[in-house]
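Engineer: Turn this into a model:
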Amino acid sequence: MILVTGATGFVGSELVRQLLALGKTVRALKRENSVIPNILQSQSNLTWITGDVLDYFSLEEAFENVEYVYHCAAFISFNASDKKKMMQVNNEGTSHIVNLCLSHKIKKLIHVSSVAALGDAKAGFEVTEKDHWEYNGTQNAYSISKYASEMEVFRGIAEGLAAVIVNPSVIIGENVGEQGSRSLFRLVKKGLTHYPTGTIGLVDVEDVAKCMITLMEKGISDQRYIINAENWTYQDFFTEIAKQLKLNPPAKPLKKWMANLAVFGSSIISFVTSKPAQLTADTARSAFNNQRFSNSKIKNAVGMDFKSIQQTITEVCSRIS
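Structural biologist: Okay, the predicted model is just below:
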């Protein structure tokens, strides 16, 4: 029996879909008010169970007779006001999962982290799994929470748990929700005129799930893997989206003072409407980041060729109305 947490999410639902296609029996964890994605409707060999990673005792039933666990549940936000919730879900929630894996003698855990939990590479080099995260006061709350979650997994490994951590870059795919990476596509759809001068690592959700399944089946433990297909500049990324949507691409580089002004405006709108800010200081800062991520280790481990990001962009754009 395989348990998948966060099974209604973007990564979790695709992972469950692929596991079922391989004939696996899956128990999927969802919160009480979560909506089951269309790709997982009316599936055999799939059992849904209601629980919350913050409620240790609600997870006990989910772990019964389970041999393998994929921990995909997480809270993603780049609003500083969500730091407490992120630390609870991403850190404390992972602690509960690790403890239950140990007590139920789970054979192996795959934990979904993020490239946000990695350190910076030296100038001119790609970020690798050897670039360790060090707090320097510039990291956002999401980065801190994901790093803390990894520390819980490494604690479990020290206590005898077989586990692997995966660090995906920005995940895209045609089934991504409006609150995920599709928001980047929506920016172009609305008529984006300026592009950030940074770079972005991209990977298709199908490849993320494939890598996780392969890593689970291999005799690998106490390792972490960056899952990144390609590194793009924001200019090229937004230009390709505009091309697919038959729109004019953004033609001017975004200046930092423009981004800061936009953040200020977004915060005012958020205050007036009581809705989350659409642009935060953290997201604006990341748009000027020029980090590139290596995929050499994961390629050597699973022996796969990543799906073309251009193909994925085409698929996502075909779903945008």
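Engineer: ok, which stretches of the stretch 201-321 of the chain are strands?
Structural biologist: 223-227, 230-233, 252-253 (DSSP state E, counting those that start in this stretch).
Engineer: Which neighbours in the sheet does the last one have, and how are they oriented?
Structural biologist: Put plainly, it is strand 252-253. Here strand 252-253 has these sheet partners by DSSP bridges: strand 194-195 (parallel).
Engineer: quick one: contacts of the strand it pairs with?
Structural biologist: Strand 194-195 is contacted from outside by 234, 235, 238, 239, 249, 250, 252, 253, 254, 258, using Cβ atoms under 8 Å, 6 or more residues apart in numbering. Using the backbone N, CA and C atoms, a C-beta is placed for each residue, glycine as well.
Engineer: need the strands of the stretch 201-321 of the chain in JSON lines with mean pLDDT, can you?
Structural biologist: Formatted as JSON lines, these follow (pLDDT from 0 to 100):
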{"stretch": "strand 223-227", "mean pLDDT": "95"}
{"stretch": "strand 230-233", "mean pLDDT": "94"}
{"stretch": "strand 252-253", "mean pLDDT": "80"}
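Engineer: most tightly surrounded among those?
Structural biologist: Most buried of the strands of the stretch 201-321 of the chain, by mean neighbour count (mean count of other Cβ atoms under 10 Å): strand 223-227, with a mean of 23.
Engineer: Would you mind listing which of the contacts of strand 194-195 are buried?
Structural biologist: 234, 235, 238, 239, 249, 250, 254 (16 or more other Cβ atoms under 10 Å).
Engineer: Do I have it right that the fourth one meets residue 249?
Structural biologist: This points to residue 239. Yes: assessed by Cβ atoms under 8 Å, residue 239 is found in contact with residue 249 at 4.0 Å.
Engineer: so which strand or helix has residue 69?
Structural biologist: For residue 69, the enclosing helix or strand under DSSP states H and E is strand 68-71.
Engineer: Can you report how many residues lie near residue 94?
Structural biologist: 29 (other Cβ atoms under 10 Å).
Engineer: which regions of this protein sit below the pLDDT cut-off?
Structural biologist: Counting by pLDDT under 70, the chain shows low-confidence ranges at 78-80, 137-138, 177-180, 255-288, 321.
Engineer: let's see it at 50
Structural biologist: For the chain, the stretches with pLDDT under 50 are 257-259, 261-280.
Engineer: Distance check, residue 12 against residue 107.
Structural biologist: The spacing between residue 12 and residue 107, counted by Cβ to Cβ, to the nearest Å, is 20 Å.
Engineer: Residue 194 now?
Structural biologist: Going from residue 194 to residue 107 by Cβ to Cβ gives 50 Å.
Engineer: how would you label residue 62: helix, strand or coil?
Structural biologist: Each residue gets one of three states, and residue 62 gets coil by DSSP: H, G, I helix; E, B strand; the rest coil.
Engineer: OK, contacts around it?
Structural biologist: By Cβ under 8 Å, 6+ apart, the residues touching residue 62 are 3, 27, 29, 49, 51.
Engineer: Pick the one among the residues you listed closest to residue 184.
Structural biologist: Residue 184 lies nearest to residue 29 out of the contacts of residue 62, by Cβ to Cβ, at 28.2 Å.
Engineer: Quick check: phi and psi on the closest one?
Structural biologist: Phi and psi for residue 29, reported as degrees, to the nearest 10, are phi -90, psi 130.
Engineer: ok, back up a step: the more surrounded of residue 12 and residue 107?
Structural biologist: Remark: of residue 12 and residue 107, residue 12 carries more neighbours, 25 against 13, as counted by other Cβ under 10 Å.
Engineer: is it true that that one touches residue 73?
Structural biologist: Yes: Residue 12 is in contact with residue 73 according to Cβ under 8 Å; the separation is 7.3 Å.
Engineer: Quick check: the gap between residue 174 and residue 167.
Structural biologist: Taking Cβ to Cβ as the criterion, residue 174 is separated from residue 167 by 23 Å.
Engineer: more crowded one of those two?
Structural biologist: Neighbour totals were compared for residue 174 and residue 167, and residue 167 leads with 24 against 16 (other Cβ under 10 Å).
Engineer: ok, now which ones touch the more buried one?
Structural biologist: For residue 167, counting by Cβ under 8 Å, 6+ apart, the contacting residues are 113, 114, 115, 117, 118, 129, 224, 225, 226, 227.
Engineer: contacting residues around residue 205?
Structural biologist: 10, 11, 14, 171, 172, 173, 175, 176.
Engineer: wait, isn't the last one in contact with residue 11?
Structural biologist: Just to be clear, that refers to residue 176. No: using Cβ under 8 Å, residue 176 makes no contact with residue 11, being 9.8 Å away.
Engineer: Look at the two and report which has more neighbours.
Structural biologist: For residue 176 versus residue 11, neighbours defined as other Cβ under 10 Å are more numerous around residue 11 (25 against 21).
Engineer: Could you check how far that one is from residue 55?
Structural biologist: Residue 11 sits 22 Å away from residue 55, going by Cβ to Cβ.
Engineer: From residue 226, how far out is the nearest residue to residue 172 once chain neighbours are set aside?
Structural biologist: Spatial nearest neighbour of residue 172, excluding adjacent residues (Cβ to Cβ, 6 or more residues apart in numbering): residue 181 at 4.8 Å. Noted for residue 181: a distance of 17 Å to residue 226, by Cβ to Cβ.
Engineer: Noted, bye for now.
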